[in-house]
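> Return a 3D structure for these sequence lines:
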Amino acid sequence: MAKKSRRARRRVTTVAQPVRVSAPARLPVSQPVAPEVNLEEYRYVVDDLKRIAVIALVLLGLLVVLAVLIR
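Numbering: from 1, shown residues only. Predicted coordinates for the structure are as follows:
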């Protein structure tokens with residue numbers, strides 16, 4: 001354990017000075033344009049996600065079964 005210092009700590013008292021903040025300038029905002037996407041190009045992604053979901057469920061079921069057997 002570290003040795004405690006007997007020296008008194010100085011208390012610093014500072015008064016917060018008020019600060020004026022100007023209002024931010026309003027910039028015109030344009031609506032973002034979403035590019036057209038052909039979903040048929042990404043069909044393999046949906047198949048992969050389904051496969052990952054099945055694997056995750058099987059592993060979760062395996063963990064539950066092992067938890068019951070070990071207990």
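
> Distance from the chain centre to stretch 32-47, please.
Distance, stretch centre to chain centre, for stretch 32-47: 25 Å (C-alpha atoms, centre = their mean, to the nearest Å).

> same check, this time on stretch 21-33
26 Å.

> which regions of the protein sit below the pLDDT cut-off?
Low-confidence segments of the chain (pLDDT under 70): 1, 8-9, 12.

> same thing but at 80, please
1-14, 21, 23-29, 34, 37-39 (pLDDT under 80).

> all helices of it, in order?
Along the chain, counting by DSSP state H, helices occupy 43-70.

> Find the centremost residue of it, please.
Leu49 (21.5 Å; C-alpha atoms, centre = their mean).

> Now do that residue against Gln31, distance only.
30 Å (C-beta to C-beta, to the nearest Å). Quick note: C-beta positions are derived from backbone N, CA and C, even for glycine.

> swap in Leu62?
48 Å.

> More neighbours: the two, which one.
Using other C-beta atoms under 10 Å, the more surrounded residue of Leu62 and Gln31 is Leu62, with 10 against 5.

> Please name the residues that touch that one.
Contacts for Leu62 (C-beta atoms under 8 Å, 6 or more residues apart in numbering) come out as none.

> What separation do you get for it and Ile52?
From Leu62 to Ile52 the distance is 16 Å (C-beta to C-beta).

> Val45 too?
11 Å.

> Over to Ala2?
Ala2 is 51 Å from Ile52, by C-beta to C-beta.

> Of the two, give the one with the bigger neighbour count.
In terms of neighbours (other C-beta under 10 Å), Ile52 is the more surrounded of Ala2 and Ile52; the figures are 10 against 4.
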